[in-house]
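J.: Quick one, structure for this:
(chains A and B)
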Amino acid sequence: MDKPLSPTSIKDALQSVAPIGAIQVQGWIRTRRDSKDFSFIELNDGSSLRNLQIVAKNTLPNYAAVQRLSTGASITVTGALVASQGKGQKWELVADNIDIVGTADDSYPLQKKGHTPEFLREIAHLRPRSNLFSSIFRARSRLAFAVHQFFQERGFGYVHTPIITGSDCEGAGELFRVSTMDIKNPPQKNGEIDFAQDFFARPTYLTVSGQLEAEAFALALSKVYTFGPTFRAENSNTSRHASEFWMIEPEIAFCDLNGNMDLAEEFVKYLIADAREHCPEEMELFARFVDRELLSRLDFVMERPFQRITYTDAVDLLKKSGVKFEFPADYGLNLQSEHERWLTEKHFKCPVTVFDFPKEIKPFYMRVNDDGKTVAAIDLLVPGIGEIVGGSQREERLEMLEANMQRHNMDPADYKWYLDLRRYGTVPHSGFGLGFERMLMFITGISNIRDVIPFARTPGSAEF
RNA sequence: UCCAGCGUAGCUCAGUGGUAGAGCGGUCGGCUGUUAACCGAUUGGUCGUAGGUUCGAAUCCUACCGCUGGAGCCA
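T.: As a prediction, the model looks like this:
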């Protein structure tokens, strides 16, 4: 008796170098066309952007049922992989048997025609079956792998920093509270909510950054990175913000700001190169249907060094540009979106790393420069997205760090463990945070962050 | 959160005070080694929700909800 066939992915079937006498594929019908004596089925299993053409002859015992199959139905097909007689594909599968696994009636929302991303966002559970979104999420998967590959190849350790945290990483936005207390009747003491009776016996939150914990591990394993979910309760309603997103945060001991900038630049270029190499069909689709200039822009970014400029020089450039900005640039103020866009899109026309910002507009942990006015911070700006990386050399001098905390009205007692890192064997160290989704947007050309997240969480929206 | 725009058929949209429309999709028929096939017919609506103005509202007004773009915050 023959051994049962094990399924072949459509990706592998399409890459076959020779005909195969007996093969099994499984997937979902994208479209079906009737011919005189047979029916053509376009089958997709998500392994590839491309479909496999199934030829279903009218001699199949269930041919009548096959002719009723519509877009969205799932089938298992066995048959022979043969050279296609038609144009447009090298191989096709002549079916010996078609098992109808699951039908889909005419209420199936995905039509053969193109759909807008906005409509597909409303059916987030079905949109990965579309060409655009299956491509986006294959690219997302590949690039998540590339993140690990980049750091592992360079001797970085992967640290799982906590998702539930007791520390409010100062200045990183609003927090989601984590609690098991009865919200209708929380335990109270002296008229206030008594967090000592909560699950962790203290107020706790979903993390906004793993940086502080990553620093502890950098000062032990020398080079580390985190890659995990991050949560911000900011009421931000833009195409670049989500309440839940993934962030990559490398942290390196014995590393100054220049080393930090080098790493960030190398990392961004590595991810672009990886997508170009390993997702060629997906990138081609993005270039054709999302952003016509995508590939030339990415190649340009990969080939050229990023522009580096101090905050002070950037402000001077903006002032001398002669451009009338809605908000004029001035020393001591944050760069506005329009300023960042002018720098990357109009002036330098490439990614720009701005560094050495006034200490007043940056968080307490950044290292104060010798001028006493600026801190060793970097913002990496890319065309079309804006800030994609934010980082700094960390303040490793205990007295300076304590002084910074006082200037930011923080109680050093709340950060005893963090200060210990400076008390015992402190070293210069640096790191940055890169928003994974913003990187995906830059690489795929997709302009809304909700479209690079499988099930996006944004203010007022947590369906699915 | 602020500013602007938009919510009409399953989808994309037209309709700006007087009988609710088109293309695509779906369905039926025809043709066909087809390729987002083609040809013909047909189906399809609480005009976002709730009030208001008017003889009459998809159309004008108010509020709310949702979406999109921009701003702020940031990754």
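
J.: and the residue in chain A positioned nearest to RNA strand B, how many neighbours?
T.: Residue nearest to RNA strand B within chain A: residue A:86 (2.1 Å; Cβ to the nearest atom of the strand). (Glycine included, C-beta is placed from N, CA and C.) Applying other Cβ atoms under 10 Å, we find 9 residues neighbouring residue A:86.

J.: Show the contacting residues for it.
T.: A:53, A:92 (Cβ atoms under 8 Å, 6 or more residues apart in numbering).

J.: any idea how far it lies from residue A:40?
T.: 8 Å (Cβ to Cβ, to the nearest Å).

J.: And for residue A:450?
T.: Counting by Cβ to Cβ - residue A:450 and residue A:40 are separated by 35 Å.

J.: So for these two, which sits in the more crowded spot?
T.: residue A:450 (19 against 15).

J.: how does chain A divide into domains?
T.: A:10-102, A:127-173+A:208-451 (automatic domain parsing).

J.: now the longest one, how far from the centre of its chain.
T.: Think domain A:127-173+A:208-451. 12 Å (Cα atoms, centre = their mean, to the nearest Å).

J.: just checking, residue A:240 touches residue A:449?
T.: Yes: applying Cβ atoms under 8 Å, one finds residue A:240 in contact with residue A:449, separated by 5.6 Å.

J.: looking at the domains of chain A, which is buried most?
T.: Most buried of these, by mean neighbour count (mean count of other Cβ atoms under 10 Å): domain A:127-173+A:208-451, with a mean of 18.

J.: Please go through chain A and pick out the longest strand.
T.: Using DSSP state E to define each element, chain A has its longest strand at strand A:20-34.

J.: following it, which helix or strand comes up?
T.: Next along the chain after strand A:20-34, taking DSSP states H and E as the criterion, comes strand A:38-44.

J.: so what's residue A:339 up against?
T.: Per Cβ under 8 Å, 6+ apart, neighbours of residue A:339: A:314, A:318, A:325, A:327, A:329.

J.: give me that answer again for 10 Å
T.: A:314-315, A:317-318, A:321, A:323, A:325-329, A:333, A:354, A:381 (Cβ atoms under 10 Å, 6 or more residues apart in numbering).

J.: is any part of the helix or strand containing residue A:217 close to RNA strand B?
T.: Counting by DSSP H and E, the element that carries residue A:217 is helix A:211-221. No: Helix A:211-221 does not reach RNA strand B (Cβ under 7 Å from any atom of the strand); its nearest approach is 8.5 Å.

J.: What parts of the stretch 51-200 of chain A come near RNA strand B?
T.: A:53, A:55, A:70-71, A:84-89, A:92, A:94, A:106, A:109, A:111-116, A:118-119, A:121, A:171-173.

J.: Grab the nearest non-local neighbour of residue A:70.
T.: residue A:104 (6.0 Å; Cβ to Cβ, 6 or more residues apart in numbering).

J.: Helix, strand, or coil at that neighbour?
T.: coil (DSSP: H, G, I helix; E, B strand; the rest coil).

J.: Give me the neighbour count for it.
T.: Neighbours of residue A:104 (other Cβ under 10 Å): 16.

J.: Would you confirm that it contacts residue A:110?
T.: Yes: the pair residue A:104 / residue A:110 is scored as a contact, 9.0 Å apart, by Cβ atoms under 10 Å.

J.: what do these two both touch?
T.: Common contacts of residue A:104 and residue A:110, defined by Cβ under 10 Å, 6+ apart, comprise A:28, A:71-72.

J.: Apart from its chain neighbours, what residue comes closest to residue A:348?
T.: Per Cβ to Cβ, 6+ apart, closest to residue A:348 is residue A:307, 4.4 Å.

J.: surely the one you found meets residue A:381?
T.: Yes: using Cβ under 10 Å, residue A:307 is in contact with residue A:381, at 9.3 Å.

J.: can you list residues touching both of those two?
T.: With Cβ under 10 Å, 6+ apart as the test, residue A:307 and residue A:381 both reach A:314, A:343-344, A:348, A:350-354.

J.: mind listing the helices for chain A?
T.: Assigned by DSSP state H, the helices in chain A fall at A:10-14, A:63-67, A:117-121, A:131-153, A:211-221, A:257-278, A:280-289, A:294-303, A:311-320, A:337-341, A:398-407, A:416-423, A:436-444.

J.: hmm, stretch A:336-346 in reach of RNA strand B?
T.: Yes: counting by Cβ under 7 Å from any atom of the strand, RNA strand B has neighbours in stretch A:336-346: A:336-338, A:341.
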